[in-house]
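>>> just to be clear, the model below is a prediction. Sequence and coordinates:
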Amino acid sequence: QVQLVESGGESVQAGGSLRLSCAASGRPYRINTMGWFRQAPGKEREFVAAISWSGGMTYYGDSVKGRFTISKDNTNDTGYLQMNSLKFEDTAVYYCASSTRGATVPSDGNWYDFWGQGTQVTVSS
């Protein structure tokens, strides 16, 4: 089992920045990939970014490329999502997820085993 706890979500004005954190506990050594997804009211869940836990390869959704950066700190089993140039349409609940599978499709939420409770990001225009 892997437990994930997100933090860092808050209200911010458009153009601002936020950094989300995802602290993993339990058996974090089982993590193969950590991803971030978001869901806005009335919309489907959207892939934001993912990172391979050992090699550090990164993946991004088209809507956040060039603005968001995913990273990790294996020493404290924490993943991060740095969000810059925030837009109103970035408003959503952001979820951290981890996959313990040997092969993962990073953008597909069905490949992830464990999910955090979510953290709200609100961007005002």
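Good, I have the coordinates. Keep in mind that this is a model prediction, so the values were computed, not measured.
>>> which residues touch the residue positioned nearest the centre of the chain?
Per CA atoms, centre = their mean, the C-alpha nearest to the average position across the chain is that of Trp36, at 2.1 Å. Applying CB atoms under 8 Å, 6 or more residues apart in numbering to Trp36 gives the contacts 20, 22, 48-50, 70, 79, 81, 94-97. Quick note: C-beta positions are derived from backbone N, CA and C, even for glycine.
>>> ok, now Cys22?
With contacts defined as CB under 8 Å, 6+ apart, Cys22 is in contact with 4-6, 34, 36, 78-81, 96, 116.
>>> repeat the analysis, applying 6 Å as the threshold.
Neighbouring residues of Cys22 by CB atoms under 6 Å, 6 or more residues apart in numbering: 4, 6, 79, 96.
>>> what lines up beside the strand or helix carrying it in the sheet?
Counting by DSSP states H and E, the element that carries Cys22 is strand 18-26. Each strand paired with strand 18-26, and its direction, by DSSP bridges: strand 2-7 (antiparallel), strand 78-83 (antiparallel).
>>> state the next helix or strand along the chain beyond that strand.
Counting by DSSP H and E, the next helix or strand C-terminal to strand 18-26 is strand 33-39.
>>> now do the helices in the chain.
Assigned helices in the chain: none (criterion: DSSP state H).
>>> now the residue lying farthest from the centre of the chain: closest residue in space that isn't a chain neighbour?
Here the chain reaches farthest from its C-alpha mean at Ser125, the gap being 22.6 Å by CA atoms, centre = their mean. The shortest distance from Ser125 to any non-neighbouring residue, by CB to CB, 6 or more residues apart in numbering, is to Phe88 (4.3 Å).
>>> cool, and Gly56?
Nearest to Gly56 is Lys72, by CB to CB, 6+ apart, at 7.1 Å.
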